[in-house]
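Trainee: Here is the input, now give the coordinates:
(chains A and B)
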Amino acid sequence: MINAINTQNTENLKWVLYNMKIEDISKDTEQLITIEPDDLIPLPYPYDDPANEPPMKQLTEEQKARYEASLDGIIAIGIPKPSSKEEEEGFVKKFISGLEKLLTPENNWTFLQPLYHSLEYCVKCQICNDSCPAYIASGKKEIYRPTFRAEVLRKIINKYLKKKNRLLLKLTGSDIDLNWTLVARLGELAYRCTICRKCAQVCPLGVDNGLISHEIRKIFSQEMGIAPKELHELGTMQQLKGGSSTGITPKALGNIIEFMEEEIEEKTGKKIKMPVDKEGAEILLIHNAGEFISWPENTEAFAIIFEAAGIDWTLSSDLVGYDAVNYGVWYDDIQLARIAVKHAEIARKLKVKKINVGECGHAHKAMIVVADRVLTGELNIPRESALPLLQELVCNGKIKLDPSRNNFPVTLHDPCNMVRLMGIVEPQRRILRTICPQFKEMEPHGVENYCCGGGSGFAIMQSMNFPDWRSAVSGRIKLKQILEVFQDVISPEIKKYVCAPCSNCKGQIRELFNYYNVNEKCGIFYGGLVELVVNAMVDIKKPFIDWEWH
Amino acid sequence: MAKATLGGMEIEIDEDGFIQEPGKWNQAIAEDLAKVEQAYPMSEEHWKIVNYLRDYYLKYEIAPPIRMLVKQTGFDLKKIYQLFPSGPAKGACKIAGLPKPTGCV
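Mentor: Numbers count the residues shown, from 1 in each chain, chains lettered A, B, ... in the order given. Next up, the predicted model:
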């Protein structure tokens, strides 16, 4: 214990002595930090030679000239450089007015309370440092430290909103210059945090630095009109207009449902008609529509299980009703509210008893938790996670299962929004303990898990060199955990399965595995939870899991 | 938005090279895109996939699930990657003039 405290103190001291200062963020330097392959934390076998680390894509001179890239040489948003002094000043002004709004109850009634708490109560103990996947994996780059963004924000608030005495600010080390560079870098920096909230989990005071990133993103979107294209224009806007961020229209959905029914029959011999728009059903099941395109075996498996268990359920073919995603939860309260209301209205129109959210983490957060602030009166329809229901079906013998069908190594990834945020920890584990004889936990797990590295929209953000950062930095600890748990069966001949019951996490794990060629080198595959359940079903002759597709 | 000359025509593309005006697509544009995606020269097999994607897109305004592509064309995933080394979405869909996939796919 004493040793641990000493190590922590030495770490803190090192941090004070050698690291950059917070106010350096507004200095006109070419780039605040650089990430070298040697800085990254080492990975286990067969990635233990840093010389084999794939080189991260560098930005072209043209990209650097056009967009803000002076934070870490990575571009997530692509904030265009200003072309005039007026533009520069207008940008800063808008930021300040957005920050002011963030701190008033009439403009931020959704999140002001936890924001205020997080801004006022942090004692800078730095206990949260070791919980941040990006900070740790990057070799402890100062700008990724969980409290860094909040410290910048506090300094701006003290000087420019509270207008504290300048001399006092200087003496207490609270001075900072507000300029275009600072604002643009802070905007990018809000997209180096996956909002996994592991830092909030370990904070003795309940300070939520993930929320700080979220609130900065809100200023950018709601006040300045700046957000990653994948989240806004192609995300929430496309979903509200055309029905889904994937671009699936109701007509395309009909075609895909037919296809899934055919697949179910071919694979299982069962003739299942997926119920669509069934009025008065007990459950409206809403999937992340990405599943229909990339992982239809997941939505097929849900249908097989629900039918076998005699559940009264339906899908919706209404615009937005077949896509559980709500990217607003990551960057914009107004977009979040628009989509949440749409989901609730569809459920009300169908007269279902409740909404059940499929294997999608952020949709759990948006629809079940955050939407509570928006859905009142008739719109406040019961909204539940699919995981406890699945547990009931699997563990209470409602479906006949033969665990020996899943006799291969399996580990479980905990999606942050279901597990840490909502406390849905045990159902998925009870299922795996029941149907996977070789199930083994990765460390740490449960509410102490590490993010897949694709949280808060990262898994779908494709801008310039951002995907490389997402694999090499924010996803690195997850890869390390996966390799560690399978270390004794790491040979590629032994097929292994990472169960990730979340579309976003699956997308990230797929990209991570491609980046490091994990399939081929280690024989590790990934997929959802329901696929493993169907794979163990006694009355299905052929294996349901088709390894080629995982 | 950047512009590129494809099939002898100036056409808008995004930063990953997906054409932004799907209506302007033609075979010459496809062949020029195929050169960038290491899928050139285009064989009958290439065209079978590209035409399938194109037809599906014109009908449903979206790319089909990859499993559907595999089933309808009779090529397995491995074969598709042999024909289009950058994969069905980043390779084949791009050549077929479809917009870049969006959402959690």
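
Trainee: what sits against residue A:385?
Mentor: A:356, A:357, A:364, A:368, A:418, A:422, A:424 (CB atoms under 8 Å, 6 or more residues apart in numbering or on different chains). To be clear about C-beta, it is placed using only N, CA and C from the backbone, and glycine gets the same treatment.

Trainee: quick one, helices of the stretch 151-300 of chain A?
Mentor: Taking DSSP state H, counting those that start in this stretch as the criterion, the stretch 151-300 of chain A carries its helices at A:166-171, A:180-189, A:198-202, A:209-218, A:238-242, A:250-268, A:290-294, A:296-308.

Trainee: what's the answer for chain B, then?
Mentor: Assigned by DSSP state H, chain B shows helices spanning B:27-36, B:44-60, B:66-73, B:77-83, B:87, B:94-95.

Trainee: other SSEs contacting the longest one?
Mentor: Identification of packing neighbours for helix B:44-60 by 3 or more CB pairs under 8 Å, 6 or more residues apart in numbering or on different chains; DSSP states H and E yields helix A:250-268, helix B:66-73, helix B:77-83.

Trainee: do the first one as well
Mentor: If contacts are counted by 3+ CB pairs under 8 Å, 6+ apart, helix B:27-36 sits against strand B:2-6, strand B:9-13, helix B:94-95.

Trainee: how about 10 Å then?
Mentor: Applying 3 or more CB pairs under 10 Å, 6 or more residues apart in numbering or on different chains; DSSP states H and E, we find helix B:27-36 packed against strand B:2-6, strand B:9-13, helix B:44-60, helix B:94-95.

Trainee: Need the winner for burial among those.
Mentor: helix B:94-95 (a mean of 30; mean count of other CB atoms under 10 Å in any protein chain shown).

Trainee: Quickly check: that helix near chain A or not.
Mentor: No. Helix B:94-95 lies out of reach of chain A by CB under 10 Å from any CB of the partner chain, never closer than 12.9 Å.

Trainee: now that helix: mean pLDDT?
Mentor: What helix B:94-95 shows for mean pLDDT is 96.

Trainee: From the rest of the structure, what touches it?
Mentor: For helix B:94-95, contacts defined as CB atoms under 10 Å, 6 or more residues apart in numbering or on different chains pick out B:13-14, B:16-19, B:25, B:29-37, B:39-40, B:42, B:46-47, B:49-50, B:53-54, B:84, B:86-88, B:100-101.

Trainee: ok, now stretch B:24-36?
Mentor: For stretch B:24-36, contacts defined as CB under 10 Å, 6+ apart pick out B:4-13, B:17-19, B:21, B:39-42, B:46-47, B:50-51, B:54, B:57, B:83-84, B:86, B:91-92, B:94-98.

Trainee: what do you get if the cut-off is 8 Å, keeping everything else the same?
Mentor: B:6-9, B:11, B:17, B:19, B:40-42, B:46, B:50, B:54, B:94-97.

Trainee: likewise stretch A:21-37?
Mentor: With CB under 8 Å, 6+ apart as the criterion, stretch A:21-37 contacts A:20, A:50, A:53, A:55-56, A:69-73, A:138-139, A:141-143, A:148, A:151-152, A:155, A:175-179, A:181-182, A:185-186, A:469, A:472-473.

Trainee: Now the buried members of those residues.
Mentor: A:53, A:56, A:69-73, A:138, A:141-143, A:148, A:151-152, A:155, A:175-176, A:178-179, A:181-182, A:185-186, A:469, A:472-473 (16 or more other CB atoms under 10 Å in any protein chain shown).

Trainee: In a markdown table, list the helices and strands packed on helix B:44-60 along with mean neighbour count.
Mentor: Output for the helices and strands packed on helix B:44-60, formatted as a markdown table (neighbours: other CB atoms under 10 Å in any protein chain shown):
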| stretch | mean neighbour count |
| --- | --- |
| helix A:250-268 | 18 |
| helix B:66-73 | 19 |
| helix B:77-83 | 15 |
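
Trainee: Let's have those helices in a markdown table, adding distance to residue A:111 and mean pLDDT.
Mentor: Shown next, in a markdown table, are the helices and strands packed on helix B:44-60 (distance: least, CB to CB, whole Å; pLDDT from 0 to 100):
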| stretch | distance to residue A:111 | mean pLDDT |
| --- | --- | --- |
| helix A:250-268 | 34 | 97 |
| helix B:66-73 | 39 | 94 |
| helix B:77-83 | 44 | 93 |
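
Trainee: Might you report the residue contacts of the closest residue to residue A:190 other than its chain neighbours?
Mentor: Of all residues not flanking residue A:190 in the chain, residue A:216 sits nearest, at 3.9 Å (CB to CB, 6 or more residues apart in numbering or on different chains). Going by CB under 8 Å, 6+ apart, residue A:216 touches A:149, A:153, A:186, A:187, A:189, A:190.

Trainee: mind putting those residues in a markdown table, distance to residue A:465 included?
Mentor: Shown next, in a markdown table, are these (distance: CB to CB, whole Å):
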| residue | distance to residue A:465 |
| --- | --- |
| A:149 | 21 |
| A:153 | 26 |
| A:186 | 20 |
| A:187 | 17 |
| A:189 | 16 |
| A:190 | 18 |
